[in-house]
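Visitor: show me how the following folds:
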Amino acid sequence: MYAVKPDVFQVVSDCAHRFQEDIEQVAGRHSLTIERGFPALELQVHPQFQALLEYTLWGESGLVAIHGKLNVRDDVEAQTDSFSIMMKFSLSHDPTLDMEAKKQRIEEILYGEVDLFWNIPPAGHIGHVELTIRFMYQPGSGRLGEYVRSVLGIVTGKMLAA
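Guide: The predicted structure follows:
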């Protein structure tokens, strides 16, 4: 069995709480439902301590899966509040729209801020787009909401005011 300092659990708890607030804010702004209302949480203690937080948000246009990975070093006091995020968008769109132009616009907006990957949908899936972005995130920064707003707004054509 591996020993974990009690402070580590407090760091994870505090960070997860702030992240939950950001997720709830994003869901409310974009009329998305948080599946089960809480994240799936996995704690790993070996070889290094890390917490994995997973949310699935869904709405009229599709799904947004958000995976957060918080690595905690031995020196808990030196811990930063930023952690790795991967967001997967699986969205429906009007098949008559020029999706290539929309993809280009998303890439222009997110260029240099995130790692961006377009997933090729299976044959016959018309009116469907899948996108994965990765970035370092700091709870409370608003970046999570900005990225969701940009991607959903461009794909659906329903851009919300910032």
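Visitor: other residues contacting the lowest-mean-pLDDT helix or strand in the chain?
Guide: Ranking every helix and strand in the chain by mean pLDDT, DSSP states H and E puts strand 40-44 at the bottom, with a mean of 78. By CB atoms under 8 Å, 6 or more residues apart in numbering, the residues outside strand 40-44 that reach it are V12, A16, F49, Q50, A51, L52, L53, E54, Y55. No exception for glycine: its C-beta is placed from N, CA and C like everyone else's.
Visitor: give the contact list for the third one.
Guide: Taking CB under 8 Å, 6+ apart as the criterion, F49 is in contact with V4, V8, L43, N71, V72.
Visitor: what of the second one?
Guide: Residues in contact with A16 (CB under 8 Å, 6+ apart) are P39, L41, A51, L53, L70.
Visitor: give the helix, strand or coil label for V148.
Guide: helix (DSSP: H, G, I helix; E, B strand; the rest coil).
Visitor: quick one: it and I126, what's the gap?
Guide: To I126, V148 is 24 Å away according to CB to CB, to the nearest Å.
Visitor: fine, thanks again, bye for now.
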